[in-house]
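K.L.:
sharing a sequence plus its predicted fold:
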Amino acid sequence: MQSRKSIKTLKFSLSNFLGNFTIHCPKVYPSVETLIYDRSNFIDSAEYSQYENLKVLKILNCTIYSVEVDENQKNIYTKICYGATIDLLKKLIYKQSETSAPQNTFNSRLKVLEADVYFGTDLQPDNNQPWHLITSIESCKMRDYDTIYSFSMIHTLLRSTASIENASSLPPIQLEIYKFKESDKIFTLDSQQCEQALRNIAEQQGLIIYAYEEVCSKENYTIYIINIRLKSLEGRQLRLEKRGAFYQ
């Protein structure tokens, strides 16, 4: 039987992460390089210790809950969102000292992130989140079902890569989304008009759409594959995959 201390890959399925388990688990499995959470539940206020040798992190089909104690001293769990938040990702991947490191000197030891996420309003320009902690990961693939995106939010994400060393040599960040809203006028346009309108709006937000493609899925809905980068040509590129129509 393989010793716990020598295990390289660890997968949790249908798990509830409560109590102090998330703090002690990395000590029990100190050699883990690949960590997978699948169809599991997290508590937003929980504390997490980090796996020191972690290179690959996958968070798939997970849900975040808050917990409160009622008058009968029972825990009441309330669903917050489907998908990992930026705060949960920070806790799972980095120590507090790492999250406060200067952006231009930061170097992520994690090489692969594949995650279902929920960023909500955290990508709004007035929210000062350390997005470079995520966008500096070499292979960064995210899927967000519920956040309503805009080009200004995408600009926030890409702007965080501008100071990353050798950012242009990294592969594009991959982001799959289902909701996007810029202007109600877009919903009155046909396909060709919609593409030009999106290019214009992106440029106004300091972005360049350098590739645009529409693909019909097997389920008979349109997938928009849009490659985007900062207008300044700094930082990483983004491969945005929007599922469902921009227009009607």
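P.N.:
In hand now; what should we look at?
K.L.:
ok now the helix or strand hosting Lys79, how far from the chain's centre?
P.N.:
In the assignment (DSSP states H and E), Lys79 maps to strand 75-82. Here strand 75-82 is found 20 Å from its chain centre; the criterion is CA atoms, centre = their mean, to the nearest Å.
K.L.:
which residues are contacting that strand?
P.N.:
The contact list for strand 75-82 (CB atoms under 8 Å, 6 or more residues apart in numbering) reads 43-44, 62-70, 116, 118, 120, 145-146. (Each C-beta comes from the backbone N, C-alpha and C, glycine too.)
K.L.:
now the residues you listed: which count as buried?
P.N.:
Ile43, Cys62, Thr63, Ile64, Tyr65, Asp116, Tyr118, Gly120 (16 or more other CB atoms under 10 Å).
K.L.:
of the residues you listed, closest to Ser169?
P.N.:
Closest approach to Ser169 among these (CB to CB): Asp116, at 27.2 Å.
K.L.:
which pLDDT value does the model give that closest one?
P.N.:
The pLDDT attached to Asp116 in the predicted structure is 98.
K.L.:
just checking, next helix/strand downstream of the least confident helix or strand in the chain by mean pLDDT?
P.N.:
Using mean pLDDT, DSSP states H and E, the weakest-scoring helix or strand in the chain turns out to be helix 96-99, at a mean of 66. As assigned by DSSP H and E, the chain's next helix or strand after helix 96-99 is strand 112-116.
K.L.:
and Ser217, its phi and psi?
P.N.:
Dihedral pair for Ser217: phi -80, psi 170, per degrees, to the nearest 10.
K.L.:
quick one on the thing from earlier: from the contacts of strand 75-82, which ones fall inside helices?
P.N.:
Using DSSP state H to define helices, no part of those is located there.
K.L.:
how many other residues sit next to Leu175?
P.N.:
22 (other CB atoms under 10 Å).
K.L.:
go ahead and confirm it touches Gln237.
P.N.:
No. Counting by CB atoms under 8 Å, Leu175 sits too far from Gln237 to count as a contact (11.2 Å).
K.L.:
circling back to that earlier point, and which of the buried ones among the contacts of strand 75-82 is nearest Lys218?
P.N.:
Lys218 has its nearest neighbour among the buried ones among the contacts of strand 75-82 in Asp116, at 21.1 Å by CB to CB.
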